[in-house]
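Engineer: sequence below, structure please.
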Amino acid sequence: MQVFLQTIVGGLNLGAVYALVALGFALVYRTMGLVNFAHADVLMIGAYIAATFTVSQHLPFAVAVLASIVITGVIGLFIERFLRPLEGRDFDLMLIGTIGFGIVLESVATLIWGATGEAVPSPVQTRPLVVFGASVPTYDLVVMGVAVVAMLALSLFLERTRRGVAMQAVAMDYDAAKAVGINVGRSNAIAFAIGAGLAALAGALVGPELYVSPTMGGSIGIDGFAAAILGGFGSIPGAVVGALAVGLLNSFSADYFQGYADLATFVLFAVIVMIKPTGLFGEKTVLRA
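Structural biologist: Here you go, the predicted model:
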């Protein structure tokens, strides 16, 4: 029973991180119809920035995380502004552009921080909680709590603010939104900035649990991408549900299949997607090709 509960908590912790990544993918795709392949590398940059401010500058972890979100948000704005002239003209080149930005970010990280990586101490030093005999790391609860707050804030922004409603209008009908005077370029820029901020938050939160390195975004980004597909690419609720599913699959696979955990996870993922290709909450999105 204790092992089962710890596996559940570990899966939910992973799922919370994957949800932040998947939401960033889904938000940009929902608004622009574009898969941002630089997303995982933005996560890695966010992790490094938070680690640097925490370890080298000795700032409080919360302040370091906020700084990471702001800086990577600016990076997201820069990427969108660079790609904007290509929108509606060369969709394939936009995709290639996001891949190129990912390569550039990884190279920049290697030049600045080196290739050896960096360990980040946990900001929570309290003892693990014991629940029904299972030891639950306190920091895992912090990660899940912060992720939930971020998801609720994003939901409120999209549903209750004028800019959020405008972004959803662009997602539903690009031409109609443009015809009624919605600034599509601004909506796209905000989507990229928020997506980058969510990636940075995920990277900063997972930094104390993993070894921060230039390649760390790869595995987390793949799982977040899989979560977005599983939930239905472009669906905000689907991204969260898909992330929790992938997190739990990873956690249980690691327990029961050990060295074959990734293989087992993606075999199950492939089966689900074959049964329902559009994902659990799949919905139509705007095509910009």
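Engineer: end-to-end on stretch 178-188?
Structural biologist: Length of stretch 178-188, first residue to last, C-alpha to C-alpha, to the nearest Å: 12 Å.
Engineer: what does stretch 232-239 give?
Structural biologist: End to end - C-alpha to C-alpha - stretch 232-239 spans 7 Å.
Engineer: need the strands for this protein, in chain order.
Structural biologist: Here the chain has its strands, by DSSP state E, at 118-119, 129-131, 134-136, 211-212.
Engineer: please state the offset of the first one from the chain centre?
Structural biologist: I take that to be strand 118-119. In terms of C-alpha atoms, centre = their mean, to the nearest Å, the centre of strand 118-119 is set 21 Å apart from its chain centre.
Engineer: check which helices and strands that strand sits against.
Structural biologist: Counting by 3 or more C-beta pairs under 8 Å, 6 or more residues apart in numbering; DSSP states H and E, the packing neighbours recorded for strand 118-119 are strand 211-212. Quick note: C-beta positions are derived from backbone N, CA and C, even for glycine.
Engineer: direction included, what does the strand it packs on pair up with?
Structural biologist: strand 118-119 (antiparallel) (DSSP bridges).
Engineer: show the average pLDDT along the partner strand.
Structural biologist: The predicted model gives strand 118-119 an average pLDDT of 86.
Engineer: and the strands of the chain as JSON lines, adding distance to Tyr48 and mean neighbour count?
Structural biologist: Below are these laid out as JSON lines (distance: least, C-beta to C-beta, whole Å; neighbours: other C-beta atoms under 10 Å):
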{"stretch": "strand 118-119", "distance to Tyr48": "7", "mean neighbour count": "14"}
{"stretch": "strand 129-131", "distance to Tyr48": "30", "mean neighbour count": "12"}
{"stretch": "strand 134-136", "distance to Tyr48": "28", "mean neighbour count": "16"}
{"stretch": "strand 211-212", "distance to Tyr48": "6", "mean neighbour count": "18"}
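Engineer: quick one: low-confidence ranges for this protein?
Structural biologist: In the predicted model of the chain, residues 1, 258-261, 265, 282-289 satisfy pLDDT under 70.
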